[in-house]
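Undergrad: The sequence and its predicted three-dimensional model are supplied below.
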Amino acid sequence: MTPKTKTLLAGALVGSLLAALPARAAEDVDVSKLPPAAAKTGLTYDKDIKALFENSCVKCHSGDRPKSKYSMESLPAIIKGGSSDEAAIIAGKSDKSPLVWYIADLVEEMEMPPLDKRDKYPVLTKEQIGLVRAWIDQGAK
Ligand code: HEC
């Protein structure tokens, strides 16, 4: 094997190792499984979304030590995300927003609310997820 071939092989190996990492990247999420965005227009956080999150999310994502360092106590914090260091919401793009993947159970181990806590924190219905999607698609205002 020439040194050049070795380098090429090593590169390919690193590439395949990286590909095997448990990524939460957009390309791994089957967004075709997302409930469709609601048709409703003029959606705002205060009017249409806040109550849903307060019911199902905020208990864990608030206070001094919010889960995953993700506070859902204000809209800017909700958009910003937590310890993953990636935005939870990408305004205008609900299918690219991790929060949407999680509430629709598209990412294993990241189902929100967590699967074993749904007796206390109700899972969002398809219609509610559709509302969250439409709100994000309209700019998450
Ligand atoms: C019973 C507590 C609990 C509830 C209720 C809950 N979560 Fe979580 N959430 C967690 C935990 C624990 C993690 C960390 C999971 C992990 O990384 O393995 C997390 C992580 C997250 C993250 C990743 C943040 C980051 O950047 O690291 C998002 C986004 C999120 N939750 C959204 C929600 C939403 C939206 C709801 C409501 C629909 C919700 N969660 C309800 C416990 C909860």
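TA: Done, it's in.

Undergrad: which bits of this structure sit near the ligand?
TA: Residues of the chain lying close to the ligand by Cβ under 6 Å from any ligand atom are 53, 56-57, 59-61, 67-68, 70, 81-84, 88, 98-99, 102-103, 109, 112-114, 117, 121, 124. C-beta coordinates here come from the backbone N, C-alpha and C atoms, glycine included.

Undergrad: 5 Å instead, please
TA: 56-57, 60, 67-68, 70, 81-84, 88, 99, 103, 112-113, 117, 121 (Cβ under 5 Å from any ligand atom).

Undergrad: Not counting its neighbours along the chain, what's nearest the one residue sitting closest to the centre of the chain?
TA: Nearest to the geometric centre of the chain sits residue 98, at 1.9 Å (Cα atoms, centre = their mean). Excluding the flanking residues, the one nearest residue 98 by Cβ to Cβ, 6 or more residues apart in numbering is residue 88, at 5.5 Å.
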